[in-house]
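K.L.:
what follows is a predicted structure for the sequence shown.
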Amino acid sequence: MNVKTAYCKKSRGFTIIEMVVSIGIFAFMTAFLVAKYGTFNQSVLLTNLAYDTAITIRNAQASALNVQGAASTTGVSSLSFTNAYGVHFGGATPVNQFVYYVNTAPTGSTPVMTYGPGTQTLTVYTMQTGNTITSVCTQQENPCLATDAATSLDIAFQRPNPDAIITAYSVVNGTTTPAYAQISITAADGSVRMVSVRSTGQISVGN
């Protein structure tokens, strides 16, 4: 008579080594994802900032072409519809700021295309989280050469012409009116986004 014997296998859990390895893999993946998320988040914020800068320049163009009225220096009740609107970078402005302005010279006067006397500050934009404007260049090149670097830049528009009036100043070249300008915005981690403006009125954002 054959007797069949049934064997029951004992179920077992994780060993200590397996558990340590699993926890180590989990901790590594968590740290990796957290680090990547921080980099991704910084990249998104920097890209948004670059587009906000480009949109501000576009708003200056739209305000000029859409006959946005502004009070002249002769009084609040005296509105002029030939004002130049512009955006200013550099100069005495901190590296984490740029200014949206409008010409407020009396009607019939020569429009003011650079920020300063004869203009009114509409908005001062301040960059957060360590973002700064690291360079302003008047040539399409990266990195910007010292001979093409500007210490201040104004991009203005006046109706009926949609073209940009670019005015740059540097110690080397003095005041110039280049056909191209490039604003480099750098994050705390070294990432860079560039806002490019051409005298034709074309505005673009890139790395």
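P.N.:
Done, it's in. Residues are numbered from 1 along each chain as shown.
K.L.:
just give me the longest strand of this protein.
P.N.:
Longest strand in the chain, counting residues (DSSP state E): strand 161-170.
K.L.:
just checking, what packs against that one?
P.N.:
When contacts are defined as 3 or more CB pairs under 8 Å, 6 or more residues apart in numbering; DSSP states H and E, strand 161-170 packs onto helix 16-65, strand 152-158, strand 174-176, strand 180-186, strand 192-198. Glycine gets a C-beta too; all of them are placed from N, C-alpha and C.
K.L.:
out of the ones you listed, deepest packed?
P.N.:
Compared across these, strand 152-158 shows the largest average neighbour count, a mean of 25 (mean count of other CB atoms under 10 Å).
K.L.:
pull the contacting residues for residue 64.
P.N.:
By CB atoms under 8 Å, 6 or more residues apart in numbering, the contact list for residue 64 reads 83, 84, 85, 156, 157, 158, 159.
K.L.:
if you set the cut-off to 7 Å instead, what comes out?
P.N.:
Shown in contact with residue 64 (CB atoms under 7 Å, 6 or more residues apart in numbering): 84, 85, 157, 158, 159.
K.L.:
what's the answer for residue 168, then?
P.N.:
Neighbouring residues of residue 168 by CB under 7 Å, 6+ apart: 138, 150, 153, 176, 178, 181.
K.L.:
out of the residues you listed, which comes closest to residue 65?
P.N.:
Relative to residue 65, the closest of the contacts of residue 168 is residue 181; by CB to CB it sits at 19.4 Å.
K.L.:
show me the beta-bridge partners of residue 175.
P.N.:
Here residue 175 sits in beta bridges with residue 169, going by DSSP bridges.
K.L.:
would you confirm that it contacts residue 154?
P.N.:
No - Residue 175 is not in contact with residue 154 according to CB atoms under 7 Å; the separation is 10.0 Å.
K.L.:
what is in contact with the two at once?
P.N.:
Counting by CB under 7 Å, 6+ apart, the residues touching both residue 175 and residue 154 are residue 167.
K.L.:
name the residues that touch stretch 114-134?
P.N.:
45-46, 49, 56, 86, 88-89, 95-105, 112, 154, 167, 183-188.
K.L.:
pull up the distance across it, start to finish.
P.N.:
Distance across stretch 114-134, first residue to last, is 20 Å (CA to CA, to the nearest Å).
K.L.:
how about stretch 112-121?
P.N.:
End-to-end distance for stretch 112-121, by CA to CA: 13 Å.
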